[in-house]
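Asks: got a sequence here, can you model it:
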Amino acid sequence: MSLEQVTTILQDMMLTTLIVSAPSLLTGLGVGLLIAIFQAATQINEQTLTFVPKIVAVFAVFGALFPWMMRTMIEFNGRIMDVIASQGGP
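Replies: Model (predicted):
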């Protein structure tokens, strides 16, 4: 396996990881920002007020997008297995 193939596989792995994790991370970021603005406007400084809505929102997005996430990861796994199979064995 050449250095170029390894680099391509690693780039594909990082891109797949970014694509699969982005919806959950962006949801947590957005909900956290909205809660922070709400807390600043109302001067409520409760720690659990930021934690619980973020957890609920991230789990909701994860549950809604789970089939797409799995399909994306399975496709990546298939591409990796094809590369391994094309290399041959001893």
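
Asks: work out for me the element the residue nearest the centre of the chain sits within.
Replies: By C-alpha atoms, centre = their mean, the chain has its centre lying nearest to Ser21, at 0.5 Å. According to DSSP states H and E, Ser21 maps onto helix 3-42.

Asks: hey, what's the angle from whichever helix or strand comes after that helix to helix 3-42? Just curious.
Replies: Once the chain leaves helix 3-42, the next helix or strand it forms, by DSSP H and E, is helix 47-87. Angle between the axes of helix 47-87 and helix 3-42 is 170 degrees (criterion: axes from the mean of the first three to the mean of the last three C-alpha atoms, to 10 degrees).

Asks: check which helices and strands helix 47-87 sits against.
Replies: helix 3-42 (3 or more C-beta pairs under 8 Å, 6 or more residues apart in numbering; DSSP states H and E). Backbone N, C-alpha and C define where each C-beta goes, glycine included.

Asks: buried stuff in the helix it packs on?
Replies: For helix 3-42, a neighbour-count test (16 or more other C-beta atoms under 10 Å) marks Ile9, Thr16, Val20, Pro23, Ser24, Thr27, Gly28, Val31, Ile35 as buried.

Asks: which one is the last one nearest to, not counting chain neighbours?
Replies: In space, not counting the residues next to it along the chain, Ile35 is nearest to Thr50; the distance is 4.9 Å by C-beta to C-beta, 6 or more residues apart in numbering.
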